[in-house]
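Trainee: Return atomic coordinates for the entry below.
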Amino acid sequence: MASNATNRRDQLRRQQEAAARQSRTTRIIGVAAGVLALVLIGVLVYAFVSQQPKGGETGGPGTTPLAAQIVPPNANADKDGLIVAQGAAGTPTVTMYLDYQCPNCRTFELGYGQMLDDEAKAGTWTLENKTMVFMDNNLQNTASTRAALAASCAATVDHYKEYSLEVYNNQALQEVRGSDGYSDQLLRETIPAKVGIAGDQLSTFQACYDGRATQDFVAAVDKAAYADGVTGTPSMAVNGKLLNLSLLKDTSPAGLKAFILANTGA
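Mentor: Numbering: from 1, shown residues only. A predicted model of the protein is given here:
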């Protein structure tokens, strides 16, 4: 009798221990599932927030589906550069290589851009720009690409030259790695208003910019610049031959004009 009672007590104890273990396991699984659910919710919230426009912006590349790709009307024959001004038939082609985040490019444009443009309009040469975007990698942002997109979109509404100059006028005073560079608001609203892009032109420009409609063109121009042998900006070529600007002795606009002509045989 004592033996049977002892067996029943042992059996009851084992059953109670098993039930306790099962209860602990259930609680652990429940807590783990709750933590996993919170993690998944956090991931989904982060993904949603990260896709929203930053800084209160309501447009810009990445917030609108990719548009059908176009080539600006003032693209050169090879579709790897933009014609700033067309010279007389038979005159040389002067090509400027630039990056909108390059400080020396801004200095060069402010010092020589008007002369280069005026001479092209006077028939001395054809002036074209090839815009590069390597500074995005240097500064870890996308400002060079977005500025190049914006400038080429401005070309679709016949405001390329003045838009390009105004981008330079808004270049940061210092290069700061990881900075935003040019904001979408500046590129799609402020600069267009400054250079007179309004009404239907503004709608066309902003649709082009928001949908990255010239994205393939910008990439092709950047690729062509590297193929031309360009390793830094600003660089200049005459009829496809890169000039060594370090040989320029007279750094005035007239001096640069003479240097270019000396390298064309004109």
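Trainee: just how off-centre is stretch 129-136 within its chain?
Mentor: For stretch 129-136, the distance from its own C-alpha centre to the chain's C-alpha centre is 9 Å (Cα atoms, centre = their mean, to the nearest Å).
Trainee: make that stretch 145-158, sorry
Mentor: Relative to the chain's own centre, stretch 145-158 is displaced by 11 Å; criterion: Cα atoms, centre = their mean.
Trainee: Can you give me the buried ones in that stretch?
Mentor: Burial within stretch 145-158, assessed by neighbour count using 16 or more other Cβ atoms under 10 Å, is assigned to 145-157. Every C-beta, even on glycine, is put in place using the N, C-alpha and C of the backbone.
Trainee: Could I get the full set of strands for the stretch 101-250 of the chain?
Mentor: Using DSSP state E, counting those that start in this stretch, the strands assigned to the stretch 101-250 of the chain run over residues 126-131, 235-238, 241-242.
Trainee: could the ones you listed go into JSON lines alongside mean neighbour count?
Mentor: Rendered in JSON lines, the data for those read as follows (neighbours: other Cβ atoms under 10 Å):
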{"stretch": "strand 126-131", "mean neighbour count": "23"}
{"stretch": "strand 235-238", "mean neighbour count": "22"}
{"stretch": "strand 241-242", "mean neighbour count": "14"}
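Trainee: before we move on, the earlier item: which ones among the buried residues of stretch 145-158 map onto helices?
Mentor: Using DSSP state H to define helices, the subset of those located there is 145-155.
Trainee: Tabulate those residues (CSV), appending distance to residue 111 and pLDDT.
Mentor: Formatted as CSV, the entries for these read as follows, by distance: Cβ to Cβ, whole Å; pLDDT from 0 to 100:
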residue, distance to residue 111, pLDDT
145, 25, 98
146, 25, 98
147, 20, 98
148, 21, 98
149, 26, 98
150, 23, 98
151, 19, 98
152, 24, 98
153, 26, 98
154, 22, 98
155, 23, 98
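Trainee: Same list, those, but as TSV with distance to residue 97 please.
Mentor: Listed next are those as TSV, based on distance: Cβ to Cβ, whole Å:
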residue	distance to residue 97
145	16
146	19
147	15
148	12
149	18
150	18
151	14
152	15
153	20
154	19
155	17
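Trainee: and which of the residues you listed is nearest residue 63?
Mentor: Nearest to residue 63 among those, counting by Cβ to Cβ, is residue 146 at 12.1 Å.
Trainee: ok, now which ones touch the closest one?
Mentor: For residue 146, the residues meeting the contact criterion (Cβ atoms under 8 Å, 6 or more residues apart in numbering) are 60-61, 181-182, 184, 187.
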